[in-house]
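K.L.:
curious how this folds, go ahead:
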Amino acid sequence: MLEYRDVYAGGRLVGSGSADVITIVNPATEEVAGAVPSMVGTDIEVAVTAARKAFDAGPWPQLSPAERAAAMDRLAAAIEARAEDTARLVTAEMGMPIQLSRRNNVMIPCGIIRYYAALARDLSTEEMREAVSFAGRTMVRREPVGVAAVIASWSYPLILAFCQLAPALAAGCTIVLKPAAETSLSGYILAEAFEAAEFPPGVFNLVTGTGQVAEMLAAHPGVDIVAVAGPTSAGRRIAAICGETLKPVSLELGGKSAAIVLDDVDLDATAAELGCLCFANAGQACFTMSRVLAPRSRYDEAVSALACQASAFVVGDPMAEETTMGPLAGPRQRVRVESSVTAGVTAGARIVTGGRRPAMPVRGYYYEPTVFADADAGMAIARDEIYGPVVTVIPYESESEAIEIANDSSYGLAGSVWTDDPERGLGIARRARVGTFGVNLYVPDIGAPWGGRKASGMGSVYGPEGLQTYLATKCVFLPA
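P.N.:
Next up is the predicted model:
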């Protein structure tokens with residue numbers, strides 16, 4: 001069992017001022033995996049002060065972009081040196097199957113770091129323009145915003161951390177990371193990696209705790225910008241706090257994404273692709289395609305094909321190489337899924353497969369991948385984010401109706417269309433009111449902006465746009 005009682009601040013572990021701890025339970029075994037401090041205001045002060053000092057007086061923002069890029073490349077190598085330990089620890093924290101964990105908690109985060117390191121090398125921080133309003137020139141400078149508070153979620157903990165950490169570091173910001181309570185242990189491995197990569201003290205700082213810690217970070221006057229990944233309710237609360245001081249905030253929140261299946265597809269091949277988008281990580285992803293819209297003329301065929309894919313998942317020990325679906329992240333998450341399934345049945349939807357806890361294994365917060373049929377777009381299971389392995393198949397009569405159903409959501413993060421005619425699919429993509437959309441696939445691209453609309457958040461991660469989030473513009477007017 002791993003046990004920490006410290007804030008990581010200024011390049012070292014500092015004893016927490018809190019006597020309270022958060023116990024982290026392995027969702028596959030229901031055994032204690034470790035504990036971290038439930039931090040208090042004095043701990044937040046220590047971390048923010050260290051980040052503030054490192055920004056105001058330390059070398060990091062004054063380094064050239066190329067020097068910061070070199071440090072980031074060292075960080076990626078340091079994480080890779082801890083690859084298996086990192087992947088297994090996250091699996092023990094929240095139940096992601098180990099093969100998925102190696103990809104999502106090592107390979108992709110390191111790819112994000114190296115992408116922004118490359119952007120940093122080419123970063124132009126000053127641009128000279130001929131003035132329009134007077135005889136002279138204007139210098140446009142792009143400077144790091146300052147201290148960034150990054151509040152990450154537990155579902156893909158290292159991706160959701162580094163999609164903000166990497167561009168912030170590339171820009172020259174210093175950081176206070178607050179991981180989700182459920183995945184706080186892996187934050188300390190990151191602290192080790194930053195040390196191994198020889199980052200200046202105070203560039204990376206770590207605090208742990210509940211949502212109250214996130215709110216204290218957002219409200220702290222030493223924090224210049226806040227990034228949040230998590231549920232919409234938490235994002236609204238942090239945004240309200242930031243709004244009081246007009247502090248910029250980036251929000252990556254929930255979703256209820258729709259996959260539109262057109263009448264011209266090979267349904268077996270489409271269902272094979274949709275299986276992962278519906279059920280990977282036990283459906284615990286903001287972009288999960290939890291609504292599948294199928295043409296009424298092929299509705300029964302679509303339901304059957306998707307149910308077949310759901311039944312093919314190997315539910316079990318997430319540390320086993322053959323497992324393709326582990327447990328839900330915790331007991332509250334399973335209760336939430338069960339309540340949603342019960343509500344769906346009560347509303348008249350039909351369970352085709354799943355809809356229960358598996359008989360084996362006996363321990364752990366497992367739930368079978370579940371497919372609902374005979375549902376309509378007004379049911380709660382088709383409108384509310386469940387955040388579990390539950391998919392609702394909804395029939396439609398026409399292409400226009402499918403688009404209308406897909407857009408009739410309080411969320412606007414992701415969507416997809418599946419068709420043998422890519423141009424037809426592109427036409428639907430243009431009419432979708434979401435931030436990201438896939439035609440015959442859905443894979444977030446590190447090189448392009450990724451973010452949502454409506455209750456799914458605001459701002460973008462990835463791409464050059466993600467770097468711009470952490471750069472402030474200053475204009476210097478110069479005479480002729």
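K.L.:
so where does Val335 fall, helix or strand?
P.N.:
helix 331-347 (DSSP states H and E).
K.L.:
for whatever helix or strand comes next after that helix, name the packing helices and strands.
P.N.:
Per DSSP H and E, helix 331-347 leads on to strand 350-353 as the next helix or strand towards the C-terminus. The contact analysis (3 or more CB pairs under 8 Å, 6 or more residues apart in numbering; DSSP states H and E) places strand 350-353 against helix 299-311, helix 331-347, strand 370-373. (Glycine included, C-beta is placed from N, CA and C.)
K.L.:
sorry, back to before: so for the helix holding Val335, what gets flagged as buried?
P.N.:
Buried residues in helix 331-347, counting neighbours by 16 or more other CB atoms under 10 Å, are found at 333-334, 336-338, 340-341, 344.
K.L.:
and which of the residues you listed is nearest to Ile112?
P.N.:
Gln333 (26.0 Å; CB to CB).
K.L.:
please save the CA atoms from stretch 18-33 in CSV.
P.N.:
The C-alpha coordinates for stretch 18-33 follow below in CSV (Å, rounded to 0.1, in the frame of the first residue of the first chain):
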residue,chain,number,x,y,z
SER,A,18,-4.1,18.2,7.5
ALA,A,19,-4.7,15.2,9.8
ASP,A,20,-7.4,13.9,7.4
VAL,A,21,-6.7,11.4,4.7
ILE,A,22,-8.4,10.1,1.6
THR,A,23,-8.3,6.3,1.4
ILE,A,24,-8.0,5.0,-2.2
VAL,A,25,-9.7,1.7,-2.7
ASN,A,26,-8.8,-0.6,-5.6
PRO,A,27,-12.2,-1.0,-7.4
ALA,A,28,-11.3,-4.5,-8.7
THR,A,29,-10.6,-6.0,-5.2
GLU,A,30,-12.2,-3.5,-2.8
GLU,A,31,-8.9,-3.5,-0.9
VAL,A,32,-7.1,-0.4,0.1
ALA,A,33,-4.5,0.7,-2.5
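K.L.:
give me the number of neighbouring residues for Pro157.
P.N.:
29 (other CB atoms under 10 Å).
K.L.:
would you map the helices across the stretch 351-480 of the chain?
P.N.:
399-407, 422-431, 463-468 (DSSP state H, counting those that start in this stretch).
K.L.:
so which of those gets nearest Val14?
P.N.:
helix 463-468 (30.4 Å).
K.L.:
quick check: domain ranges of the chain?
P.N.:
2-253+456-479, 258-445 (automatic domain parsing).
K.L.:
in contact with Glu31, which residues?
P.N.:
Val25 (CB atoms under 8 Å, 6 or more residues apart in numbering).
K.L.:
let's go with 10 Å and repeat that
P.N.:
1, 25, 92, 363-364 (CB atoms under 10 Å, 6 or more residues apart in numbering).
K.L.:
neighbour-wise, which one of those leads?
P.N.:
Ranked by the number of neighbours (other CB under 10 Å), the contacts of Glu31 place Ala92 first, at 27 neighbours.
K.L.:
per-residue confidence at it?
P.N.:
Among the per-residue scores, Ala92 holds a pLDDT of 98.
K.L.:
contacts only, for it.
P.N.:
Taking CB under 10 Å, 6+ apart, we find Ala92 in contact with 1-2, 24-29, 31, 33-34, 98, 101, 183, 185-186, 318-319.
K.L.:
which of those fall in strands?
P.N.:
Under the assignment DSSP state E, the contacts of Ala92 contribute 2, 24-25, 33-34 to strands.
K.L.:
which of these sits closest to Ser398?
P.N.:
Val25 (48.3 Å).
K.L.:
what about that closest one, distance to Ala92?
P.N.:
From Val25 across to Ala92, the span is 10 Å (CB to CB, to the nearest Å).
K.L.:
so the residue nearest in space to the middle of the chain, which state does it fall into?
P.N.:
With distances taken as CA atoms, centre = their mean, Leu160 lies nearest the centre of the chain, 3.8 Å away. Per DSSP: H, G, I helix; E, B strand; the rest coil, the secondary structure class of Leu160 is helix.
K.L.:
ok, it - contacts?
P.N.:
104, 109, 150-154, 179-180, 183, 227-230, 252, 286, 461.
K.L.:
go with 7 Å
P.N.:
152-153, 229 (CB atoms under 7 Å, 6 or more residues apart in numbering).
K.L.:
before we move on, what about Leu158?
P.N.:
Counted by CB under 7 Å, 6+ apart, Leu158 has contacts 90, 105, 109, 186.
K.L.:
at 8 Å what do you get?
P.N.:
By CB under 8 Å, 6+ apart, the contact list for Leu158 reads 86, 90, 104-106, 108-109, 186, 190.
K.L.:
kindly report the same for Asp6.
P.N.:
Applying CB under 8 Å, 6+ apart, we find Asp6 in contact with 13-16, 37.
K.L.:
beta partners of it?
P.N.:
When bridges are called by DSSP bridges, Asp6 pairs up with Gly15.
K.L.:
could you report the distance from it to Gly17?
P.N.:
For Asp6, the distance to Gly17 - CB to CB - is 11 Å.
K.L.:
circling back to that earlier point, farthest pair in the ones in strands among the contacts of Ala92?
P.N.:
Spatial extent of these (CB to CB) is set by the pair Leu2 and Val25 at 12.7 Å.
K.L.:
and for these two, which residues touch both?
P.N.:
What both Leu2 and Val25 touch, as defined by CB under 8 Å, 6+ apart, is the set Ala33.
K.L.:
ok, the contacts of Asp6 vs Ala66, which is closest?
P.N.:
Closest to Ala66, out of all of the contacts of Asp6 and judged by CB to CB, is Leu13, at 30.8 Å.
K.L.:
now the host helix or strand of that closest one: average pLDDT?
P.N.:
Taking DSSP H and E as the definition, Leu13 sits inside strand 12-15. For strand 12-15, mean pLDDT is 97.
K.L.:
over to stretch 25-44?
P.N.:
Stretch 25-44 comes out at a mean pLDDT of 98.
K.L.:
would you mind measuring the gap between the ends of that stretch?
P.N.:
Taking CA to CA, to the nearest Å, the first and last residues of stretch 25-44 lie 25 Å apart.
K.L.:
for that stretch, what is the distance to the chain centroid?
P.N.:
How far stretch 25-44 lies from its chain's middle: 20 Å, per CA atoms, centre = their mean, to the nearest Å.
K.L.:
for that stretch, buried residues please.
P.N.:
25-29, 33-40, 43-44.
K.L.:
nearest to Val391 among those?
P.N.:
Nearest to Val391 among the buried residues of stretch 25-44 is Pro27, at 21.1 Å by CB to CB.
K.L.:
same for the helix holding Val335, what does it pack against?
P.N.:
Packed next to helix 331-347, using 3+ CB pairs under 8 Å, 6+ apart, are strand 350-353, strand 390-396.
K.L.:
please work out which of those strands is packed deepest.
P.N.:
strand 390-396 (a mean of 26; mean count of other CB atoms under 10 Å).
K.L.:
so for that strand, what's the average pLDDT?
P.N.:
Mean predicted lDDT for strand 390-396 stands at 98.
K.L.:
paired strands for that strand, with orientation please.
P.N.:
Assessed with DSSP bridges, strand 390-396 is paired to strand 291-295 (parallel), strand 370-373 (parallel).
K.L.:
quick one: closest of those strands to Ala196.
P.N.:
Among those, if distance is taken as CB to CB, the winner is strand 370-373, at 42.9 Å.
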